[in-house]
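Undergrad: for reference, the sequence and a predicted model appear below.
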Amino acid sequence: MPEMRFRVRWPDQTESLCYSPSLVIKDYFQPGQSYPLPAFVEYSREALEIASERVRQKYGYTCSSAMSQLAEIEAKASHFLESDSPMVSVIEFIE
């Protein structure tokens with residue numbers, strides 16, 4: 001199963017390198033695009049849940065790394081909930 005990483009920039013200009021066990025992330029994000037924080041979290045959740053399900057279908061168990069990544073994204077996003085119109089940029093895909 002092809003895995004990938006995607007680099008994002010948070011509203012405070014810090015960057016995170018995120019993991020996905022599937023290329024499904026490409027269906028939700030485009031490099032160089034910015035997304036409102038709630039949309040970024042929603043799309044990440046949907047994509048990582050699909051990715052984890054693909055792992056389950058192939059190997060018989062869900063992907064704990066995908067769920068850990070989602071938890072990290074949600075935790076980081078929570079720091080910006082009080083910000084005015086926070087945006088998250090997807091910088092690049094790394095395969």
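TA: Structure's in. What do you need? Numbers count the residues shown, from 1 in each chain.

Undergrad: center of this protein, which residue is that?
TA: residue 44 (4.0 Å; C-alpha atoms, centre = their mean).

Undergrad: and the longest helix along the chain, how far from the chain's centre?
TA: Counting by DSSP state H, the longest helix found in the chain is helix 37-59. Distance of helix 37-59 from its chain centroid, counting by C-alpha atoms, centre = their mean, to the nearest Å, is 8 Å.

Undergrad: what's the neighbour count on the closest residue to residue 94 other than its chain neighbours?
TA: Sequence neighbours aside, residue 5 is the residue nearest to residue 94 in space, at 4.3 Å (criterion: C-beta to C-beta, 6 or more residues apart in numbering). Where C-beta positions appear, they are placed from N, C-alpha and C, glycine not excepted. When neighbours are defined as other C-beta atoms under 10 Å, residue 5 has 15 of them.

Undergrad: specify the beta-bridge partners of residue 5.
TA: residue 19, residue 94 (DSSP bridges).

Undergrad: give the contact list for it.
TA: By C-beta atoms under 8 Å, 6 or more residues apart in numbering, the contact list for residue 5 reads 17-20, 93-95.

Undergrad: with residue 72 instead?
TA: 16, 18.

Undergrad: roughly how far apart are it and residue 8?
TA: 11 Å (C-beta to C-beta, to the nearest Å).

Undergrad: in the protein, what residue sits furthest out from the centroid?
TA: Outermost in the chain, C-alpha atoms, centre = their mean: residue 60 at 22.7 Å.

Undergrad: for that one, grab phi and psi.
TA: With angles defined as degrees, to the nearest 10, residue 60 sits at phi 90, psi 0.

Undergrad: next one: the one 5 residues further on
TA: Note on residue 65: its backbone torsions stand at phi -70, psi -40 [degrees, to the nearest 10].

Undergrad: wait, it sits on residue 19?
TA: Yes - the pair residue 65 / residue 19 is scored as a contact, 5.8 Å apart, by C-beta atoms under 8 Å.

Undergrad: pull the number of nearby residues for residue 43.
TA: 17.

Undergrad: what's the nearest residue to it if we skip its chain neighbours?
TA: Setting aside the residues directly before and after it, residue 43 is nearest to residue 28 in space (C-beta to C-beta, 6+ apart), at 4.3 Å.
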